[in-house]
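**Q** what follows is a protein structure lacking sequence information:
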C-alpha cells in the first residue's frame, strides 16, 4: 500500500500528495469507515482528515452535564468491537474512550490528520480524480493551505454544523442579568450548583440536561413550546448481562446486538402502524412512573404521533424522578422576551433564572460543509438523489455516511462503509476509474430525512433527495437494508468510466502518478 505523488502542483509548486481514499471526519463513523477500508480493501491507501484537534466527533464536542447516548451501546457500538461496559445508555466520556480505544487497537489513530479542514473538493472528469483543498491549523492557531488528490472521497462528518448551533433570536436577551449558554459550547467553568436553571427545549439534549443539573441546582425548569414523546429505558440490560456471563465477548455482542435491533425495529413499526395504541401505551407507562396524570396530560403528551419525531429515551426514568421529587418542573408556553430576572412568557408569567440553557437544537450542514464541484461547476445538492443512502447522482467517486433516524446511527454507518468497500473492490476488479449512480426512469422526490423535527425542517431543503423506490429510497429498517445492501447489483445503477480512458487522459495532461517510497500512514 503506497502513497503517490501527483505531478500537478499546489500553490507552492510542490507535487500534491495522492491518497486512494480520503475520509472526512474522525468521529464514530470515520473510525468505523477506516476499519472497514483497511480490512476489506487492504490495498487502498487512506487518510482521515479531522477539522478539530482531537478524535471523537460528537462525543468529543459535546461536554454538557449528563451528555450520553440515546441509543443502546450494543447497536451504537461497532459490530467488530464488543461493548463491554454495563451501561446500555452510556455517558459521553465512556463513548469517547471506546472510540479512542478502537482507533488505537487497529492502528487507525496513526492515519488521522488533526486540525485539517476541507475547504474545497473538485472532481476532474478527465483525470478521474478529486483535488481536495485543505486548511491545516496547528495547536498555536497558525494556518497553512495544501492540496491532496484522491480517487475516492468519503464524508463521515455527519449532517450538522459543528461550529454553530441553532439559537433563535430572543427579544431582550441582552437584558438578562444571568448567564446564557448553548449545550454545543458548554463553558468548562460554569458552576450551576445552587442556581436556578431554565432549559429551553424538550428534545434529547433537554431531557438529558434537566436531571443531570437538578442534582446540584436549586431548581431546574424545562421550558417547552410543546411536549415531546419520552420513554424510560433501564440503564442496564439484565438479559444482556446474563448472555455476556455465559458466552464469549464476541458471540455475546452479536446476540445482544441482534436482540436490540429487532426490539428497536419492532417498537418503531408498532408506533407507525398503530399510532393510537402506541399513544395510549406510552402515556400509560409515563403516568405510572410520574404518578401525576395532569402533568403527563399537559406536559408529556404531544399532539403528534410517536415517531413523527424521534422518540426521546431517559435512563431509569431519571427525568420523571426529578419531576416527581420537585427538583425540576416542566412549563409549556411560548417565550415573550427575556427580562433581567429570567424569561417572561406569553401567558405573562415570569420564570426566574440565574442560568438559561438554550437547548434549541442543531443546525444542519450537508456533508460537514463540503460543497463538491465537478469540472469547475458547483453541484446543486438539492437536485441530486441519494443511492442506497450512500452515493449521490451527479458526483462520481463520492460517498456520504448518514445514520438512521429511528435507530442507532452506527447501524447504517457500518452498512454504508461496507458498501463503499464493495464499490471500491468492484471498480478495481473491472478496472473502472470512476463510478456514479444513475437512476433508470424518473424518480418522485422526498426529503432525505423524513422527520417533522424542527431542526430537520429548518434546513432539509438544502440536502439531496431520496426517491420513491429502491435503491433510491432511504429506508429506516436495518433488517431489510442488511439483507439487501451487500447483495445489490452494482452494474445496474453505477455508471462506470473505464480506467484505460482515464490513463490516456492523465498521460496527456502530465498527471499520471508515480510510486512514492513512503508507506501509507
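**A** Looks like it came in fine. Just so it is clear, the model here is predicted, and its values are computed rather than measured.

**Q** helices of the stretch 401-521 of the chain, residue ranges please.
**A** Secondary structure of the stretch 401-521 of the chain (DSSP state H, counting those that start in this stretch): helices located at 409-430, 454-457, 478-484, 490-493, 499-509.

**Q** what's the closest of those to residue 101?
**A** helix 409-430 (15.3 Å; CB to CB). C-beta coordinates here come from the backbone N, C-alpha and C atoms, glycine included.

**Q** quick one: residues contacting the nearest residue to residue 389 once chain neighbours are set aside.
**A** Sequence neighbours aside, residue 474 is the residue nearest to residue 389 in space, at 4.7 Å (criterion: CB to CB, 6 or more residues apart in numbering). Counting by CB atoms under 8 Å, 6 or more residues apart in numbering, residue 474 makes contact with 386, 389, 402, 448, 450, 466.

**Q** check what pLDDT the fifth one gets.
**A** Which is residue 450. On pLDDT, residue 450 comes in at 68.

**Q** which stretches of the protein have low pLDDT?
**A** 1-15, 450-459, 503-521 (pLDDT under 70).

**Q** break it into its domains for me.
**A** For the chain, automatic domain parsing gives the domain ranges 2-162+363-519, 167-358.

**Q** most packed of these?
**A** domain 2-162+363-519 (a mean of 19; mean count of other CB atoms under 10 Å).

**Q** same for the longest strand seen in the chain, what does it pack against?
**A** Longest strand in the chain by number of residues (criterion: DSSP state E): strand 143-155. Helices and strands touching strand 143-155, by 3 or more CB pairs under 8 Å, 6 or more residues apart in numbering; DSSP states H and E, are strand 15-24, strand 129-137, strand 398-400, helix 409-430.

**Q** so where do the helices sit in the stretch 151-300 of the chain?
**A** 204-214, 238-246, 249-273, 275-290, 293-299.

**Q** how distant is the first one from the center of its chain?
**A** To tie it back to what came earlier, the one meant is helix 204-214. 20 Å (CA atoms, centre = their mean, to the nearest Å).

**Q** against which helices or strands is it packed?
**A** strand 196-200, strand 219-224, strand 312-315, helix 318-325, strand 328-332.

**Q** any chance of the ones you listed in CSV, plus distance to residue 409?
**A** Output for those, formatted as CSV (distance: least, CB to CB, whole Å):
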stretch, distance to residue 409
strand 196-200, 24
strand 219-224, 25
strand 312-315, 14
helix 318-325, 22
strand 328-332, 28
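
**Q** which residue is nearest the middle of this structure?
**A** A centroid search over the chain (CA atoms, centre = their mean) returns residue 158, at 4.1 Å, as the residue closest to the centre.

**Q** quick one, what contacts that one?
**A** 25, 27, 29, 57, 58, 368, 401.

**Q** residue 66: what secondary structure?
**A** Residue 66 carries the three-state label coil when classified by DSSP: H, G, I helix; E, B strand; the rest coil.

**Q** once you drop chain neighbours, what's closest to it?
**A** Using CB to CB, 6+ apart, the nearest residue to residue 66 is residue 212, at 2.7 Å.

**Q** try residue 333
**A** Per CB to CB, 6+ apart, closest to residue 333 is residue 345, 4.2 Å.

**Q** if I look at the nearest residue to residue 477 once chain neighbours are set aside, how far off is residue 234?
**A** Computed as CB to CB, 6+ apart, the closest residue to residue 477 that is not its neighbour in sequence is residue 265, at 6.3 Å. Distance of residue 265 to residue 234, computed by CB to CB, to the nearest Å: 19 Å.

**Q** hang on, the earlier thing: just put the helices and strands packed on strand 143-155 in TSV and tack on distance to residue 481.
**A** Putting the helices and strands packed on strand 143-155 into TSV (distance: least, CB to CB, whole Å) gives the following:
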stretch	distance to residue 481
strand 15-24	21
strand 129-137	27
strand 398-400	15
helix 409-430	6
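
**Q** for residue 40, find the nearest of the ones you listed.
**A** It's helix 409-430; of the helices and strands packed on strand 143-155, that one is closest to residue 40 (CB to CB) at 3.9 Å.

**Q** quick one: that closest one to strand 143-155, angle?
**A** Helix 409-430 and strand 143-155 are oriented at 90 degrees to each other (axes from the mean of the first three to the mean of the last three CA atoms, to 10 degrees).

**Q** gap between the closest residue to residue 270 other than its chain neighbours and residue 308?
**A** Nearest non-adjacent residue to residue 270, counting by CB to CB, 6+ apart: residue 278, 6.0 Å away. Using CB to CB, residue 278 is found at 11 Å from residue 308.

**Q** next one: residue 418
**A** 31 Å.

**Q** same thing with residue 470?
**A** Taking CB to CB, one finds residue 470 at 23 Å from residue 308.

**Q** can you check residue 296 too?
**A** Relative to residue 308, and taking CB to CB, residue 296 is found at 19 Å.

**Q** likewise residue 224?
**A** Residue 224 is 16 Å from residue 308, by CB to CB.

**Q** again, but for residue 317
**A** 23 Å.

**Q** ok, residue 352 next?
**A** On the measure of CB to CB, residue 352 and residue 308 end up 34 Å apart.

**Q** over to residue 214?
**A** 28 Å.

**Q** try residue 255
**A** Residue 255 is 32 Å from residue 308, by CB to CB.

**Q** what's the answer for residue 471, then?
**A** 26 Å.

**Q** do residue 355 as well
**A** Distance from residue 355 to residue 308, by CB to CB: 31 Å.

**Q** three-state assignment of the closest residue to residue 253 other than its chain neighbours?
**A** Distances taken as CB to CB, 6+ apart place residue 82 nearest to residue 253, at 3.7 Å, with adjacent residues excluded. Taking three-state DSSP as the rule, one finds residue 82 in the coil state.

**Q** would residue 382 count as being in a helix?
**A** Yes - assignment of residue 382 by three-state DSSP places it within a helix.

**Q** contacting residues around it?
**A** So residue 382 contacts 461, 462, 463, 464, 465 (CB under 8 Å, 6+ apart).

**Q** show me the residues you listed that map onto strands.
**A** residue 465.

**Q** specify which member of the contacts of residue 382 is nearest to residue 43.
**A** For the contacts of residue 382, the nearest to residue 43 is residue 464 (30.4 Å; CB to CB).

**Q** so what's that closest one closest to, chain neighbours aside?
**A** Using CB to CB, 6+ apart, the closest residue to residue 464 is residue 384 (4.1 Å).

**Q** do the same with residue 37
**A** residue 46 (5.1 Å).

**Q** what's across from the one you found in the sheet?
**A** residue 21 (DSSP bridges).

**Q** the chain should start at 450 in everything you say after this.
**A** Noted, 450 is the first residue going forward, which turns the last one into residue 495.

**Q** I'd say it and residue 473 touch.
**A** No - counting by CB atoms under 8 Å, residue 495 does not reach residue 473; the two are 11.4 Å apart.

**Q** all strands for the stretch 500-649 of the chain, in order.
**A** Assigned by DSSP state E, counting those that start in this stretch, the stretch 500-649 of the chain shows strands spanning 561-562, 565-573, 578-586, 592-604, 609-614, 628-630, 645-649.

**Q** need those strands in CSV (columns: distance to residue 779).
**A** Below are those laid out as CSV (distance: least, CB to CB, whole Å):
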stretch, distance to residue 779
strand 561-562, 42
strand 565-573, 40
strand 578-586, 42
strand 592-604, 38
strand 609-614, 22
strand 628-630, 20
strand 645-649, 10
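
**Q** wait, which of those is closest to residue 843?
**A** Judging the strands of the stretch 500-649 of the chain by CB to CB, what sits closest to residue 843 is strand 565-573, at 10.0 Å.

**Q** the closest one to strand 578-586, inter-axis angle?
**A** 160 degrees.

**Q** ok, residues contacting strand 565-573?
**A** 473, 498-500, 578-586, 594, 602, 817-825, 844-847.

**Q** alright, I will stop here.
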